[in-house]
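Participant: Here's a sequence, model it:
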Amino acid sequence: MQEKSVQIKQKELIAIDEKLDFLVKKIELLNYINPLNIAAQKALFFESKFTENPKFVYPKRDFNSYELQRALFALPIETIEDTVLQKLYEDIIYSYSGLIQCIDTIGEAEKFYYNSLRSFGTPTANDVDNAKFILHFISTQVKGKEDVPQFDVLATEEQFREYSKRYDFSYAIKHSDKLAAIAMVLSNDKTLVLNSKHKFSANEIKILTNHEIGVHMVTTMNAAVHELKIFNHGFPKNVETQEGLAVFSEFMSNGLTLNRLKELAYRVIAVDSLAKGADFVDTFKLLHNTYNLGKNKSFTITTRVHRGGGFTKDFLYLTGLKKVYDYYHAGNDLNLLLTGKVSIKYVNQIAYMITNNFAKPAKYITDSYLINSNESDKIAFILKSLK
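Facilitator: Residues are numbered from 1 along each chain as shown. Just a heads-up that it's a prediction; the model follows:
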């Protein structure tokens, strides 16, 4: 009789999870936040001598946000008798609601910015100090053949496919000329998107394969193993942990250079400038003039941060890296964080779900975590020293 009762409870949970999955399939923020006219606006911005803010155009959303949110909050999560899972689903619904509001207000500067703050937060004084600490280090890295942009998108795709042979899964690869980034994974579609306008260097490919496939695609594929779909769409605050895991994979594969670490620090500086009221021109000039960053990189970072009206997500790469680094060196189990789009905040709930057969252990493990070919004492020192 007790076993039958447990099965009924499981059925109720799975029914809610499936309904939730159906409702949030279109909530892929990265599908909507990338401007459609980056190249044209970049040319105009440079022509204006960095004085006129770009006017970005964004994809239209293809869902009714009001109806979607109403349906989310109508889910009967009170029927989930396990209190741990009931609270988790409550947190998740509030998190999805925030992402819907982000998508709904893309292009409406003030509204989007505050929705972004609610979903992703903004740098603390410590975060900014950490970024400035990194930027004080002088790079002695001599640029070599591996740093030369030489691979077009087709050649880059080939190298991604070669790297991916170490994992027993397959995924789609698409090319796009409308990315603010040079590569990204779309979890809902199990797709890697490569920037068709970018020439990739060997070092970039090493970083990106370990970052995008070694973590983002690995957690996407691990999420598909679970009966509960929340592992795929994501736990609250999962972005910080997922990006932290991805950059930590760069570190463990000996691909995390000081220059790459500085790029993450510049993103924190850019988000902080946004939080202090800077517009696109102000942030660009801060990076380009004050920090002597090249105009192309300054434009890319500024676009990433100011797209949508103020996208604060980018500071989380550095904070996430520090949290994952500390988590690992405290002897904690990284595999729990690879079970899907999860976050360190919910690691106890993940362990509870695995123990009680609501979830499964990670099927795929990030290759660089197993091999650990990191050799950089300098990068390790910096990461250890961050507050």
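
Participant: which residues of the protein fall in strands?
Facilitator: 172-176, 183-186, 191-195 (DSSP state E).

Participant: Now the last one: average pLDDT?
Facilitator: Over the span of strand 191-195, the pLDDT mean works out to 96.

Participant: buried set for that strand?
Facilitator: Burial within strand 191-195, assessed by neighbour count using 16 or more other Cβ atoms under 10 Å, is assigned to 192-195. All C-beta atoms are positioned from the backbone trio N, CA, C, and that covers glycine.

Participant: Dump those residues to JSON lines, plus distance to Q10.
Facilitator: Shown next, in JSON lines, are the buried residues of strand 191-195 (distance: Cβ to Cβ, whole Å):
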{"residue": "L192", "distance to Q10": "34"}
{"residue": "V193", "distance to Q10": "36"}
{"residue": "L194", "distance to Q10": "40"}
{"residue": "N195", "distance to Q10": "43"}
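
Participant: Closest one of these to Y328?
Facilitator: L192 (25.5 Å; Cβ to Cβ).

Participant: which residues touch the closest one?
Facilitator: Counting by Cβ atoms under 8 Å, 6 or more residues apart in numbering, L192 touches 160, 171-174, 183-186, 212-213, 217.

Participant: circling back: can you check which of the strands of the chain gets nearest to L287?
Facilitator: strand 191-195 (20.1 Å).

Participant: Pull up the pairing partners for the closest one, direction included.
Facilitator: strand 172-176 (parallel), strand 183-186 (antiparallel) (DSSP bridges).

Participant: all helices of the stretch 51-200 of the chain, in order?
Facilitator: Secondary structure of the stretch 51-200 of the chain by DSSP state H, counting those that start in this stretch: the helices cover 65-73, 83-104, 109-120, 125-135, 153-163.

Participant: Compare those helices and give me the one nearest K237.
Facilitator: That would be, of the helices of the stretch 51-200 of the chain and by Cβ to Cβ, helix 83-104, which comes in at 7.5 Å.

Participant: quick revisit: looking at the helices of the stretch 51-200 of the chain, spot the one closest to N34.
Facilitator: The closest of the helices of the stretch 51-200 of the chain to N34 is helix 83-104. By Cβ to Cβ, the value is 12.2 Å.

Participant: In terms of secondary structure, what does that closest one contact?
Facilitator: Packing contacts for helix 83-104, counted by 3 or more Cβ pairs under 8 Å, 6 or more residues apart in numbering; DSSP states H and E, involve helix 2-24, helix 65-73, helix 109-120, helix 230-233, helix 347-355.

Participant: Extract the CA atoms of the last one and return them as PDB.
Facilitator: Output in PDB follows, covering the C-alpha atoms of helix 347-355 (Å, rounded to 0.1, in the frame of the first residue of the first chain):
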ATOM      1  CA  VAL A 347      23.800  21.000  -4.100                       C
ATOM      2  CA  ASN A 348      22.100  19.500  -1.000                       C
ATOM      3  CA  GLN A 349      18.800  19.200  -2.800                       C
ATOM      4  CA  ILE A 350      20.500  17.500  -5.800                       C
ATOM      5  CA  ALA A 351      22.200  15.000  -3.500                       C
ATOM      6  CA  TYR A 352      18.800  14.400  -1.800                       C
ATOM      7  CA  MET A 353      17.100  13.900  -5.100                       C
ATOM      8  CA  ILE A 354      19.700  11.300  -6.200                       C
ATOM      9  CA  THR A 355      19.500   9.500  -2.900                       C
END
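
Participant: So what's the gap between that helix and the chain middle?
Facilitator: Relative to the chain's own centre, helix 347-355 is displaced by 22 Å; criterion: Cα atoms, centre = their mean, to the nearest Å.

Participant: coming back round to it: of the contacts of L192, just say which sits nearest to I379.
Facilitator: Nearest to I379 among these, counting by Cβ to Cβ, is E212 at 20.0 Å.

Participant: Quick one: end-to-end length of stretch 308-327, please.
Facilitator: 32 Å (Cα to Cα, to the nearest Å).

Participant: And that stretch, what's buried?
Facilitator: Using 16+ other Cβ under 10 Å as the test for burial, stretch 308-327 gives 308-325, 327.

Participant: Nearest to A40 among the buried residues of strand 191-195?
Facilitator: Distance to A40 across the buried residues of strand 191-195 (Cβ to Cβ) is lowest for N195, with 15.6 Å.

Participant: ok so, going back, please name whichever of the contacts of L192 scores lowest on pLDDT.
Facilitator: Scoring these by pLDDT puts L186 last, at 90.

Participant: mind listing what that residue touches?
Facilitator: 28, 30-31, 192-193.

Participant: what separates it from T312, distance-wise?
Facilitator: L186 sits 21 Å away from T312, taking Cβ to Cβ, to the nearest Å as the criterion.

Participant: what does I379 give?
Facilitator: In this view, I379 and T312 are 25 Å apart by Cβ to Cβ.

Participant: again with M221
Facilitator: Per Cβ to Cβ, M221 is found 28 Å from T312.

Participant: Likewise for Y171?
Facilitator: Remark: distance between Y171 and T312 (Cβ to Cβ) = 28 Å.

Participant: do P361 as well
Facilitator: Separation of P361 from T312 (Cβ to Cβ): 33 Å.

Participant: do H136 as well
Facilitator: Using Cβ to Cβ, one gets 24 Å for the distance from H136 to T312.
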